[in-house]
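In: Sequence first, then the predicted structure, then my questions.
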Amino acid sequence: MRYFKLVIAYDGTDFHGWQIQSNKPTIQGEIVNVLRRITQENVQLHGAGRTDAGVHALGQVGSFRTQSALSPGEFQRALNALLPNSIRIVAAEEVGPDFNARWSARGKIYRYRLYRGKVVPPMLWRYVLHYPFPLDEEAMRDASGRFVGVHDFASFAASTGSEDDDKERSTEREIYSTESVRSADGEELVFTVCGRSFLRYMVRKMMGTLLDVGRGKLKPDDIDRLYELKDRSKSGPTVPPQGLCMVSVEHEEAYRISSP
């Protein structure tokens, strides 16, 4: 048996999220269908996280095992030839048997893009949330820094579940770093967060809370109060999915066998 890692980029607009669903197009479903066609095996694909409908990725990671003799490069070329253009295999490599895209992950980076200009260019509307109204961006930067550390993020998530495991009950998470900066052209406010793992809707609720801080509905130090309340109705709204992108996933390098 051989084991492979895929780095996957996709435009999530036309898909019902990552996870396979009956009679609905999903990222995982599209890739699994092609892998089974290539290998003639009942291949199972594991993802580093479950992105929701409309969420994009530059560096989602998937893993699978197979008895196929194809090389990583041959898998990459075959997948890209047969997948829709909105899903691309950025890299492929052979890994050891202990590698699992989900369980071997040590950190994930997400980015949310807020377009601040008056008119969204047509080539960007699928990837940003348009908000041209006044915001206290300095207060938002102050608030975003308060997400760093180990906290109970119950106020910043869906009612149940996580992007990794819907049965997981703990809402404590560790955030390694956050950043809230203007893009190079000054038209976007970009919120980037790096953490060990995330609850479902967590980044979108964090961004919605930062928007409420920018609008003056909340203060930066209210973030600490929200940890204690553990009440998602008290935090900001869940912002739309199109502004969110999974940028990358970090894994332990010890699992690597060969380069693409």
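Out: Thanks, I have the structure now.
In: how close does residue 233 get to residue 154?
Out: To residue 154, residue 233 is 11 Å away according to Cβ to Cβ, to the nearest Å. C-beta here means a position set from N, CA and C on the backbone, and glycine is covered the same way.
In: same question, residue 66
Out: Residue 66 is 40 Å from residue 154, by Cβ to Cβ.
In: hang on, the earlier thing: in terms of packing, which of residue 233 and residue 154 has more residues around it?
Out: Set residue 233 next to residue 154 and count neighbours by other Cβ atoms under 10 Å: residue 154 wins out with 20 against 6.
In: right, and that one touches residue 232 too?
Out: Yes - at 6.9 Å, residue 154 counts as touching residue 232 under the criterion of Cβ atoms under 8 Å.
In: how about the residue of the chain positioned farthest from its centre, phi and psi?
Out: Residue distances from the centre of the chain (Cα atoms, centre = their mean) peak at residue 69, which lies 31.3 Å from the mean C-alpha position. Dihedral pair for residue 69: phi -90, psi 0, per degrees, to the nearest 10.
In: and it, what is it in contact with?
Out: Residues near residue 69 by Cβ atoms under 8 Å, 6 or more residues apart in numbering: none.
In: Roughly how far does it sit from residue 39?
Out: Separation of residue 69 from residue 39 (Cβ to Cβ): 10 Å.
In: With residue 194 instead?
Out: 34 Å.
In: Then residue 20?
Out: For residue 20 relative to residue 39 (Cβ to Cβ), the value is 17 Å.
In: give me the low-pLDDT residue ranges for the stretch 101-250 of the chain?
Out: The model of the stretch 101-250 of the chain has pLDDT under 70 over residues 159-168.
In: What count of nearby residues applies to the residue lying closest to residue 97 once chain neighbours are set aside?
Out: Nearest non-adjacent residue to residue 97, counting by Cβ to Cβ, 6 or more residues apart in numbering: residue 3, 5.4 Å away. By other Cβ under 10 Å, the residues close to residue 3 number 18.
In: hey, C-alpha coordinates of the host helix or strand of residue 3 in CSV?
Out: Residue 3 is located in strand 2-10, with elements delineated by DSSP states H and E. Extracted C-alpha coordinates of strand 2-10, given in CSV (Å, rounded to 0.1, in the frame of the first residue of the first chain):
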residue,chain,number,x,y,z
ARG,A,2,1.2,3.5,-0.8
TYR,A,3,0.2,6.8,0.8
PHE,A,4,-0.1,10.2,-0.9
LYS,A,5,-0.6,13.9,0.1
LEU,A,6,-2.3,16.4,-2.1
VAL,A,7,-2.2,20.2,-1.8
ILE,A,8,-5.5,21.5,-3.2
ALA,A,9,-6.7,24.9,-4.4
TYR,A,10,-10.3,25.6,-5.3
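In: Is residue 190 located within a helix, as I assumed?
Out: No - counting by DSSP: H, G, I helix; E, B strand; the rest coil, residue 190 is not found in a helix; it is strand.
In: Was I right to think it contacts residue 182?
Out: Yes - if you go by Cβ under 8 Å, residue 190 and residue 182 touch, sitting 7.4 Å apart.
In: who's more crowded, the two?
Out: Per other Cβ under 10 Å, whichever of residue 190 and residue 182 has more neighbours is residue 190, with 16 against 13.
In: hey, what's the more buried one bridged with?
Out: residue 113, residue 181 (DSSP bridges).
In: Residue 107 - how many residues pack around it?
Out: By the measure other Cβ under 10 Å, the count of residues near residue 107 is 15.
In: now it, which residues is it bridged with?
Out: The partner residues for residue 107, given DSSP bridges, come to residue 250.
In: doesn't residue 174 make contact with it?
Out: No - using Cβ under 8 Å, residue 107 is not in contact with residue 174; the gap is 9.3 Å.
In: All the strands of this structure, in order from the start?
Out: For the chain, applying DSSP state E gives strands covering 2-10, 46-47, 56-66, 87-95, 105-115, 129-130, 149-152, 172-182, 188-195, 244-251.
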